[in-house]
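In: Sequence and predicted model, in that order:
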Amino acid sequence: MLFIVICVILSLIITAAIVFSAIYFSVKLDDEKIVAEKATLKILGSDGAEIDCEAFNRYVTYENINSNIINAFVSLEDKRFFTHNGVDYYRLAGATIKNVKYGYFKEGGSTITQQLAKNTQLNSEKTFTRKIKEMKLAHDIEKKYSKVEILEMYLNAIYYGNGIYGIDSACKNYFDKSPAEVSVAESAILAGIVKNPSKYSPINNKDKALERMKLVCGLMKTQNYINEEEYEEALRYEYVKPSDNGINPYINAALSEACEILGVNEKNLLKSKYVIECYYDEKLQNIVENLASSNDFSIKTYGGKAALSSVVLCDNASGGVIACYSSDGINPIAFRRSPGSCIKPVAVYAPALERKVITEATVFNDEIGRAHV
């Protein structure tokens with residue numbers, strides 16, 4: 001009986017080894033793909049002309065990237081980056097235990113090199129097959145490229161949300177700075193975005209972005225990349241969106257709606273071959289943005305702060321949105337707010353007329369009554 005059990009175990013081990021080897025050696029590193037992949041999605045305006053989607057693909061070399069950015073990403077994503085050979089087996093083992101515990105792929109345990117392999121060579125599906133291929137490609141990348149080259153390619157290949165690829169474009173659009181100029185706090189925000197760009201983008205959700213920034217800064221301090229003084233200074237940081245961050249609010253809204261319809265994330269949508277046809281009018285979009293952001297339309301709250309504002313301009317003939325604007329980065333098309341008294345003609349007066357409860361000549365006293373004690 002013991003002999004049979006041993007034979008079964010050995011058979012399973014051999015079979016697993018054969019399957020692992022078959023998958024592991026089935027992939028080959030494609031050097032042409034490893035350098036920042038460009039967006040392939042096309043978005044067409046009302047005139048049929050293509051709206052530029054490749055403005056967010058500028059490549060920047062390692063020498064022009066602030067060490068704060070390097071330290072933030074290494075602290076959060078791969079603290080043993082400079083010592084492993086592509087795969088961090090300690091982290092992988094920990095992630096495996098957690099995945100078995102939860103019964104699904106909760107954590108991947110991927111290193112920066114593995115993420116580079118996944119972003120440029122593979123897809124994002126969470127399977128053992130992809131993970132094995134990712135490990136093979138990571139080993140190949142480490143053999144062929146230096147750590148500096150890997151970090152450079154990685155930072156230029158990452159998707160940062162809002163249609164933005166690459167560290168240079170991310171710094172420009174989120175902070176109106178170059179990668180050489182960003183602070184510790186800003187670097188931490190950039191590192192924090194990667195896990196979930198739509199959730200942790202400071203434009204989409206400033207509070208969550210700052211909360212994650214503090215987590216990254218804590219890791220940087222723990223790993224001795226910053227001292228206590230730098231840490232405390234970073235915690236005092238308050239994000240202010242640049243007045244001209246280059247992000248077209250209409251395109252942002254179109255991407256968001258397309259992702260919802262197609263059931264994909266923004267990164268995969270931008271790398272797809274879909275063609276999105278919109279009612280977009282570039283001339284009117286520029287007019288709306290200039291007017292809405294001018295001092296003529298600046299409204300202050302009772303506390304003296306600038307009030308949030310959004311504009312949606314529609315074509316009455318087609319019902320399509322031809323231009324839109326939002327002062328705080330919220331998708332103006334997806335924004336929901338109570339219509340207030342504007343709904344009365346449809347929800348109250350029209351049904352009352354239809355049921356002949358009132359006539360067109362009926363007079364109502366709609367002033368707010370006073371309570372009598």
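Out: Received the coordinates, thanks.
In: What is the burial count for residue 235?
Out: 13 (other CB atoms under 10 Å). Quick note: C-beta positions are derived from backbone N, CA and C, even for glycine.
In: Contact partners for the residue most central in space within the chain?
Out: Residue closest to the mean C-alpha point of the chain, counted by CA atoms, centre = their mean, is residue 197 at 1.9 Å. Applying CB atoms under 8 Å, 6 or more residues apart in numbering, we find residue 197 in contact with 159, 160, 161, 162, 266, 267.
In: Mind doing that once more with 10 Å?
Out: By CB atoms under 10 Å, 6 or more residues apart in numbering, the residues touching residue 197 are 158, 159, 160, 161, 162, 163, 164, 170, 204, 265, 266, 267.
In: Distance of the fourth one relative to residue 259?
Out: The reference is to residue 161. Going from residue 161 to residue 259 by CB to CB, to the nearest Å gives 11 Å.
In: any shared contact partners between these two?
Out: Joint contacts of residue 161 and residue 259 (CB under 10 Å, 6+ apart) are 198, 265, 266, 267.
In: Filter these down to the buried ones.
Out: 198, 266, 267 (16 or more other CB atoms under 10 Å).
In: and the host helix or strand of residue 286, what's its mean pLDDT?
Out: Here residue 286, judged by DSSP states H and E, is contained in helix 282-292. Throughout helix 282-292, pLDDT has a mean value of 86.
In: Which is the succeeding secondary structure element to that helix?
Out: By DSSP H and E, the next helix or strand past helix 282-292 is strand 310-314.
In: so how far is that next one off the chain centroid?
Out: 24 Å (CA atoms, centre = their mean, to the nearest Å).
In: avg pLDDT for that strand?
Out: On average, strand 310-314 scores 86.
In: Walk me through which strands that strand pairs with, and which way each runs.
Out: Strand pairing for strand 310-314, determined by DSSP bridges: strand 321-326 (antiparallel).
In: Give me the contacts around the partner strand.
Out: Residues outside strand 321-326 that contact it (CB under 10 Å, 6+ apart): 45-46, 203, 248-250, 252-254, 257, 278-293, 297, 308-315, 331-335.
In: Recalculate using a threshold of 7 Å.
Out: Residues outside strand 321-326 that contact it (CB atoms under 7 Å, 6 or more residues apart in numbering) are 46, 249-250, 253, 279-281, 284-285, 288-289, 292, 310-315, 332-333.
In: Let's see that strand as CSV, backbone CA atoms only.
Out: C-alpha atoms of strand 321-326 as CSV (Å, rounded to 0.1, in the frame of the first residue of the first chain):
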residue,chain,number,x,y,z
VAL,A,321,-23.0,65.0,-25.7
ILE,A,322,-20.8,67.3,-27.8
ALA,A,323,-18.7,68.9,-25.0
CYS,A,324,-18.3,68.6,-21.3
TYR,A,325,-16.2,70.0,-18.4
SER,A,326,-15.6,69.2,-14.7
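In: Quick check, residue 147 in contact with residue 82.
Out: Yes. Using CB atoms under 7 Å, residue 147 is in contact with residue 82, at 5.9 Å.
In: Now do the SS call for residue 162.
Out: Following DSSP: H, G, I helix; E, B strand; the rest coil, residue 162 is assigned to coil.
In: And the pLDDT for it?
Out: Reported pLDDT for residue 162: 77.
In: on that earlier part again, please spell out which residues along the helix holding residue 286 are buried.
Out: Those would be 282, 284, 285, 288, 289, 292, for helix 282-292 by 16+ other CB under 10 Å.
In: And for the first one, nearest residue in space, chain neighbours not counted?
Out: Of all residues beyond its chain neighbours, the one nearest residue 282 is residue 45 (6.2 Å), with distances taken as CB to CB, 6 or more residues apart in numbering.
In: Roughly how far does that neighbour sit from residue 7?
Out: Taken as CB to CB, the span from residue 45 to residue 7 is 68 Å.
In: can you put the buried ones among the shared contacts of residue 161 and residue 259 in CSV and add secondary structure and pLDDT?
Out: As requested, those are exported to CSV (DSSP: H, G, I helix; E, B strand; the rest coil; pLDDT from 0 to 100):
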residue, secondary structure, pLDDT
198, helix, 81
266, helix, 76
267, helix, 71
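In: Tabulate these (JSON lines), appending distance to residue 184.
Out: Output for those, formatted as JSON lines (distance: CB to CB, whole Å):
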{"residue": "198", "distance to residue 184": "24"}
{"residue": "266", "distance to residue 184": "27"}
{"residue": "267", "distance to residue 184": "26"}
